[in-house]
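sequence and computational prediction follow.
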Amino acid sequence: MKRRRPLRFGFTLIEILMVLAIIGILLVAAVPALNSTLQGFQLTQGAQIIADQLHLARQATLARNRAVEVRFYKFTAPASGVTASYFQGVQAFEIVENGPPKALGKLHRLPGLIILDSSATLSPLLGPTRVKQWTSNDPQISLPGIGTNYEARAFTYRSDGSADLSVAGQQWFVTLHHANAGDNRTDLPPNFATLQIDPWNGYTQLYRP
């Protein structure tokens, strides 16, 4: 009578190493796709943040019959591990008659390394003509976690909902993309989002590739 061989439930070291190698190959192949998906999601989030703040500012100026200023901030974000400065913040302020402007909400930062390109070609709203001018009645404020070490660009919604932007053949918009695509570009990266403002009525239009 033949003796039965016991059933083997374990794995040899070579089999385990082969499985780990296959898993490693799959992970390496999946990382670029996951990064691209994450960046795309963050870009959508960033565009929505800017669009929401522009909508909030325009609605506030119509509801309160007062001008509302939108500020874009350029600063260094130490938490991101990047030492370069980017336009990554936006905030709206109600312009009051007596006293400094009143913030309509907190500073909103773009997610991850999504930035507003600083080039006047891709973001005319961030060009030299829109540099924020600080006055004694409107002093520079200290931003949470940033202080006053930042640059600012600004435009204003008038009480009728229009914007204080030139209408003489000039288009006004900002372009968002990932910082890995570089900053101060003269051409559009493969993945981007552009928000354009109509000076006549203050409406915002979003463009995505």
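Noted; the coordinates are in hand.

from here on, just use CA atoms for contacts and neighbour counts.
Noted.

packing partners of whichever strand or helix holds Ile23?
Taking DSSP states H and E as the definition, one finds Ile23 inside helix 13-64. The contact analysis (3 or more CA pairs under 8 Å, 6 or more residues apart in numbering; DSSP states H and E) places helix 13-64 against strand 68-76, strand 85-94, strand 114-116, strand 151-157, strand 172-178, strand 193-197, strand 204-207.

tell me the most buried of those?
Of all the helices and strands packed on helix 13-64, strand 114-116 has the most neighbours on average by mean count of other CA atoms under 10 Å, namely a mean of 28.

which residues touch that strand?
39, 42-43, 46, 86-88, 123, 174-179 (CA atoms under 8 Å, 6 or more residues apart in numbering).

before we move on, the earlier item: would you mind giving the helices and strands packed on helix 13-64 as CSV with mean pLDDT and distance to Ala103 added?
As requested, these are arranged in CSV below (pLDDT from 0 to 100; distance: least, CA to CA, whole Å):
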stretch, mean pLDDT, distance to Ala103
strand 68-76, 97, 9
strand 85-94, 97, 4
strand 114-116, 96, 21
strand 151-157, 98, 13
strand 172-178, 97, 22
strand 193-197, 98, 21
strand 204-207, 97, 21
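
could I get the ones you listed in CSV, plus columns for distance to Val131?
Formatted as CSV, these follow (distance: least, CA to CA, whole Å):
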stretch, distance to Val131
strand 68-76, 10
strand 85-94, 13
strand 114-116, 15
strand 151-157, 4
strand 172-178, 14
strand 193-197, 17
strand 204-207, 21
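
among these, which is nearest His55?
His55 lies closest, by CA to CA, to one member of the helices and strands packed on helix 13-64: strand 204-207, at 7.7 Å.

direction included, what does the closest one pair up with?
Take DSSP bridges as the rule and strand 204-207 pairs in its sheet with strand 193-197 (antiparallel).

got the CA coordinates for the strand it pairs with in CSV?
Extracted C-alpha coordinates of strand 193-197, given in CSV (Å, rounded to 0.1, in the frame of the first residue of the first chain):
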residue,chain,number,x,y,z
ALA,A,193,-7.9,75.1,-16.7
THR,A,194,-8.6,78.6,-17.7
LEU,A,195,-11.1,81.0,-16.0
GLN,A,196,-12.1,84.0,-18.1
ILE,A,197,-14.0,87.1,-16.8
